[in-house]
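>>> A predicted structure for the sequence below; I have some questions about it.
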Amino acid sequence: MRSTCALVAVVLSILIAVPPVSAQEHVAGQQVLDAAVQQHVRAIDQDREAVQQFLQRSDVRAIAGKYGIDIRRAESAVATMNAADLASIAARARQADDALAGGASTVTISTTAIIIGLLVLILLIVALR
């Protein structure tokens, strides 16, 4: 009985010593958390959109067809990627997109290799799950 009373006394003293969290502080904290989550979701959506747009390019589709890569499978794979894989692929897709936008014939071989590498990487990521 004494140990129970002592425990209650310790708990009460802690509760009295700890300042209460106001509802306003809780709401502010929740707003910051909500904003961070929304920002993360927007980043994922932007990465997914960048990869999807890259896969929609006619030159990318032509190269995929030439090498027997199923572009529809790659597109559906993008929908199931986790955020880290998606961010990596999106960064590479943006680089390849920039290279393709240049239109120089000297980058054709390396751009083709980048496109094939991206398509294979997308398919491998999904296959390894």
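Looks like it came in fine.
>>> pLDDT value on residue 52, please?
As predicted, residue 52 sits at a pLDDT of 92.
>>> so where's this protein uncertain?
For the chain, residues meeting the criterion pLDDT under 70 lie at 1-28, 102-110, 126, 128-129.
>>> and the helices in it?
2-17, 23-56, 58-66, 71-80, 83-102, 108-127 (DSSP state H).
>>> let's have the ones you listed in TSV, adding mean neighbour count.
C-beta here means a position set from N, CA and C on the backbone, and glycine is covered the same way. Formatted as TSV, the helices of the chain follow (neighbours: other Cβ atoms under 10 Å):
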stretch	mean neighbour count
helix 2-17	9
helix 23-56	13
helix 58-66	15
helix 71-80	16
helix 83-102	17
helix 108-127	16
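>>> surely residue 85 touches residue 118?
No. Residue 85 is not in contact with residue 118 according to Cβ atoms under 8 Å; the separation is 11.9 Å.
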